[in-house]
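Chemist: Give me a model of this one.
(one chain, ligands or ions: 1)
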Amino acid sequence: MKNYDDYLTFALGKGRLSNKTMEIFEKAGIRCEEMKDPNSRKLIFTSEEDKMRFFLSKGPDVPTYVEYGSADIGVVGRDTILEENRNVHEILDLGFGKCRMCVCGPESAAEKLKHRERIRVASKYPVIAREYFNNTKNQTVDIIKLNGSVELGPIVELADVIVDIVETGSTLKENGLVVLEEICPLSARMIVNPVSMQLKSERIKDLVLKIRQFI
Ligand code: PRP
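Modeler: Residues are numbered from 1 along each chain as shown. The predicted model follows:
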């Protein structure tokens with residue numbers, strides 16, 4: 001089997017994250033032609049010229065691959081980094097995919113937040129929700145994990161509020177919900193395996209210098 005020690009291996013979140021990342025890389029002169037075939041079902045692509053490998057995975061798996069060293073570097077949203085809570089170093093804000101993690105709900109839920117009532121919180125991000133309510137706000141809440149369309153939670157009375165991503169705000173608006181509290185800003189970030197950070201520091205520094213001017 002080929003030894004890839006001399007390569008930089010990247011785990012990229014499938015879809016918009018990987019497309020936008022490769023756009024930035026191309027501007028910086030890093031190309032991976034193999035990745036451009038829209039009909040390909042391949043999951044790993046190599047650029048022999050740049051001595052780089054790229055593989056695509058589901059966003060939440062990116063920090064896992066990076067923590068275990070299967071990838072030296074990952075690109076994924078800060079929401080996923082916070083939720084997965086893996087042992088990785090965040091080294092760069094790539095500046096795209098900007099949005100906010102917020103507590104949202106009907107306006108009437110503002111009072112329940114204010115008085116620290118024991119409320120029900122629905123979210124795709126139970127770790128972020130728990131950390132925010134338990135540690136930042138000191139409020140005991142019941143967290144209910146959902147897998148999508150979280151805005152339904154308050155509408156069908158599953159939960160009082162939700163913790164979710166707000167980008168344009170149109171999903172909230174169309175469902176009669178508002179932002180009640182902002183937890184943190186989000187965007188795509190570059191993360192690095194702690195060992196690669198030491199062993200491949202020159203290459204990683206060089207990469208960051210190259211792409212920084214295009215973000
Ligand atoms: C995300 C998020 C909100 C919506 C916010 O959902 O969970 O529902 O986008 O965007 P907006 O503020 O621009 O309306 P996504 O589209 O990823 O689907 P999901 O609800 O199935 O998770």
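Chemist: So which bits of the helix or strand of the chain with the lowest mean pLDDT are buried?
Modeler: Between all helices and strands in the chain, the lowest mean by mean pLDDT, DSSP states H and E belongs to strand 44-47, at a mean of 93. By 16 or more other Cβ atoms under 10 Å, the buried positions in strand 44-47 come out as 45-47. Heads up, the C-betas are built off the backbone N, CA and C, glycines and all.
Chemist: Same check on stretch 135-147?
Modeler: So, applying 16+ other Cβ under 10 Å, buried residues of stretch 135-147: 139, 141, 143-144, 146.
Chemist: and if you look at stretch 162-181?
Modeler: 162-166, 171-172, 177, 180-181.
Chemist: cool, stretch 41-57 as well?
Modeler: Residues of stretch 41-57 classed as buried by neighbour count (16+ other Cβ under 10 Å): 45-47, 52-57.
Chemist: before we move on, the earlier item: closest to the ligand out of the buried residues of strand 44-47?
Modeler: Nearest to the ligand among the buried residues of strand 44-47: F45, at 25.2 Å, using Cβ to the nearest ligand atom.
Chemist: Let me know whether the closest one touches M35 as I believe.
Modeler: Yes: contact criterion Cβ atoms under 8 Å: F45 and M35 qualify, at 4.6 Å.
Chemist: Now do the shared contacts for those two.
Modeler: F54 (Cβ atoms under 8 Å, 6 or more residues apart in numbering).
Chemist: Show the contacting residues for the most centrally placed residue in the chain.
Modeler: For the chain, the residue nearest the mean C-alpha position is G77 (1.9 Å; Cα atoms, centre = their mean). Taking Cβ under 8 Å, 6+ apart, we find G77 in contact with 13, 17, 59, 97, 186-189.
Chemist: ok, E84 - contacts?
Modeler: Contacts of E84 by Cβ under 8 Å, 6+ apart are 60, 63-64, 127.
Chemist: Including distance to the ligand, could the buried residues of strand 44-47 go into CSV?
Modeler: Formatted as CSV, the buried residues of strand 44-47 follow (distance: Cβ to the nearest ligand atom, whole Å):
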residue, distance to the ligand
F45, 25
T46, 30
S47, 30
